[in-house]
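Colleague: I'll drop the sequence and a predicted model, then ask my questions.
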Amino acid sequence: MRILGIGDIVGTPGRKIIADQLGRLRQERKIDFVVANAENATGGSGITPEHAKAMLSQGVDVLTGGDHVWGKKEIIPFISGCSRLLRPANYPESNPGAGYTIADSPMGPVGVIHVVGRIFMTTAQAGCPFTTAETLAKKLRERTAIIVVDMHAETTSEKMAFGWHMDGLVSFIFGTHTHIQTADERVLPKGTAYISDSGMTGPYESVIGRRIDRVLHKMITQMPAPFDVAEGDARICGAIATVDPQTGRASAVERVVVFENGTIR
């Protein structure tokens, strides 16, 4: 079984390249299941029901929300009725929606867990991602051997520690949030595929998806600037894990980048 974890989808360019290229990527790379982080999908912060429904119809099986999940107020009533859109599981239980789900795939049911980190994050007061994910993984393993985790966090150290903690409990952990694809993909000793960050799906003629001039103005002058979503050089970035559907153990993981012209690297 081949599972694709897509990094943060940013604004119109990110949504457009998903619409244009994800179906072909699924076909060419024989992908059975797709989890995508969509916390920046609408205007660079949050996601609307309209955009969530569109991407779920374009080849994404489960969307995750990150720390900007509540960026658009319209998502609050929608998320409770959509099991394929997740908010962080280590947010308060009183929050609408859920932080985990089980979704269908051609190879059987797949469990998906979404947690946020706490180091250098606005989510510093969230529950422990380590114990939350461990508890949920043990619960989901009663129904499926295949479990994917989106670990949405700022630091590679927290993500790597999380990977070691969860090794053998889940099939695939892909990090999100920093918008920069890392080169540390590997299968951990107990069979969990891991990458610290799967990258950004959006405009690369930018600073992490935002207009270069706006970010430079802010960083050089320390004066406020609107961080508008950039437009040029859209790409899909992610990682593909190969998993045994019977045992849930991964045998391989590879980075993938898809360009606007359809080139896959």
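Modeller: Done, it's in.

Colleague: Report the mean confidence score over stretch 78-97.
Modeller: Averaged across stretch 78-97, pLDDT comes to 97.

Colleague: got the buried residues for that stretch?
Modeller: Neighbour-count burial for stretch 78-97, counted by 16 or more other Cβ atoms under 10 Å, picks out 78-79, 82, 84-91, 95, 97. Using the backbone N, CA and C atoms, a C-beta is placed for each residue, glycine as well.

Colleague: Repeat that for stretch 152-165.
Modeller: Neighbour-count burial for stretch 152-165 [16+ other Cβ under 10 Å]: 152-155, 158-163.

Colleague: Ok, stretch 213-224 next?
Modeller: Result for stretch 213-224 [16+ other Cβ under 10 Å]: buried residues 214-215, 218.

Colleague: Stretch 111-127 too?
Modeller: 111-118, 121, 123, 126-127.

Colleague: ok, back up a step: can I get the buried residues of stretch 78-97 in TSV with secondary structure and distance to Thr178?
Modeller: Putting the buried residues of stretch 78-97 into TSV (DSSP: H, G, I helix; E, B strand; the rest coil; distance: Cβ to Cβ, whole Å) gives the following:
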residue	secondary structure	distance to Thr178
Phe78	helix	27
Ile79	helix	24
Cys82	coil	26
Arg84	coil	24
Leu85	strand	22
Leu86	strand	19
Arg87	coil	20
Pro88	coil	16
Ala89	coil	20
Asn90	coil	19
Tyr91	coil	20
Asn95	coil	24
Gly97	coil	24
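
Colleague: okay if I get these as JSON lines plus distance to Arg235?
Modeller: Shown next, in JSON lines, are the buried residues of stretch 78-97 (distance: Cβ to Cβ, whole Å):
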{"residue": "Phe78", "distance to Arg235": "28"}
{"residue": "Ile79", "distance to Arg235": "27"}
{"residue": "Cys82", "distance to Arg235": "27"}
{"residue": "Arg84", "distance to Arg235": "24"}
{"residue": "Leu85", "distance to Arg235": "23"}
{"residue": "Leu86", "distance to Arg235": "24"}
{"residue": "Arg87", "distance to Arg235": "26"}
{"residue": "Pro88", "distance to Arg235": "26"}
{"residue": "Ala89", "distance to Arg235": "29"}
{"residue": "Asn90", "distance to Arg235": "30"}
{"residue": "Tyr91", "distance to Arg235": "30"}
{"residue": "Asn95", "distance to Arg235": "32"}
{"residue": "Gly97", "distance to Arg235": "29"}
